[in-house]
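*Asks:* Below is the sequence, then the predicted model.
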Amino acid sequence: MFIATMIAGVSAGGRLRDGDISMARDALAGAGCTPGASGWVEPGDAFDLRFAGDRAAGRAALEGLTGGVDVIVQQDDGDRARRLLVADMDSTMITIECIDELADYAGIKAEVAAVTEAAMRGELDFEGALDARVALLRGLDASVIDRCHAERVVLMGGAKALVGTMRAHGARCVLVSGGFTVFADRVAADLGFHRALSNVLEMADGRLAGTVSRPIVGAATKRETLLAEAAALGVPLSATLAIGDGANDIPMIETAGLGVAYHAKPKTAAAAAARIDHGDLSALLYAQGYARGTWAAG
């Protein structure tokens, strides 16, 4: 059996109705699946619909059925509350790409952002693209980092609720970013992550040196971190959740029990077994069966 959670995004106005459940049941039946029990996780915002049959067929039947609604399909094994969260930072836990904003202070945002976009789409080697972008920042006064953090870093909607609620229910939360420690450490502290892993911008005489310390935190590191953290906790991969938006997140998304592409680039969205295209990060609480009244303050 599988469980499909349908979650109203911002554009849907949080207005799922009983008729949407009936329509979803009909769509599953039309796809050769057998609908089972259904019920609200949060009336008007999210409901669960269990079904037997082919997971991919069921997902395809439900995605796009109702405008502005996200659908997450997962194995119905009786406990979908994840015990480990491994999350990307830029454009996932925060709303910006930090390197692009640093570049803005240097007057070269457009040039750097174009490379960032190509790298996140999987069109460029991540490590090479990172080196090339950081080299352009050489000589930038290090004080800009604090200014950028204060003026530009905004937490993603639902991020505090997601991390706080999972942590309150005993999950371990780890931030793994291809970005920089000067931002990731503060974001992790603000959100309540247990651990943060990211790249170190090297400095010289109070300015950016234009280099990044080795080894680079990239796609392989993200996947390895997920595996190592799960092993240390003694939990199966089925009890893990990974979320990200870029191509360097694909290996960890594909490895996790529930791997989610969040407002992601096309290559990442295509690789993920679940996507959030309309809602914020709180959608992942509904997907784990947490009604709003059980959420930590966010």
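*Replies:* Perfect, thanks for sending it. Numbers count the residues shown, from 1 in each chain.

*Asks:* Count residues in the vicinity of the nearest residue to V71 once chain neighbours are set aside, would you?
*Replies:* Nearest-residue entry for V71: L62, 4.5 Å, with adjacent residues in sequence omitted and distances by CB to CB, 6 or more residues apart in numbering. (Each C-beta comes from the backbone N, C-alpha and C, glycine too.) Number of residues near L62 (other CB atoms under 10 Å) recorded here: 25.

*Asks:* If I follow the layout properly, L62 ends up in contact with A4?
*Replies:* Yes. Applying CB atoms under 8 Å as the test, L62 and A4 come out as touching, 5.6 Å apart.

*Asks:* ok, so what distance separates A37 from R214?
*Replies:* 52 Å (CB to CB, to the nearest Å).

*Asks:* between the two, who's got more neighbours?
*Replies:* A direct count of neighbours by other CB under 10 Å for A37 and R214 places A37 higher, at 11 against 8.

*Asks:* check which helix or strand covers that one.
*Replies:* Taking DSSP states H and E as the definition, A37 sits inside strand 34-42.

*Asks:* next one: the next helix or strand after that strand to chain centre, how far?
*Replies:* Next along the chain after strand 34-42, taking DSSP H and E as the criterion, comes strand 46-52. On the basis of CA atoms, centre = their mean, to the nearest Å, strand 46-52 is displaced by 22 Å from the centre of the chain it belongs to.

*Asks:* that older thread, give the contact list for the residue nearest to V71.
*Replies:* Counting by CB atoms under 8 Å, 6 or more residues apart in numbering, L62 touches A4, M6, A24, A27, L28, L49, V71, V73.

*Asks:* right, and H194 touches V176 too?
*Replies:* No. Taking contacts as CB under 8 Å, H194 lies outside contact range of V176: 11.8 Å.

*Asks:* Just confirm G179 is within a strand.
*Replies:* Yes. Assigned with DSSP: H, G, I helix; E, B strand; the rest coil, G179 falls within a strand.

*Asks:* who touches it in this structure?
*Replies:* M89, D90, E97, C98, I99, S198, N199.

*Asks:* Can you tell me the SS state at the fifth one?
*Replies:* In the three-state summary, I99 is assigned as helix, counting by three-state DSSP.

*Asks:* Cool, thanks, signing off.
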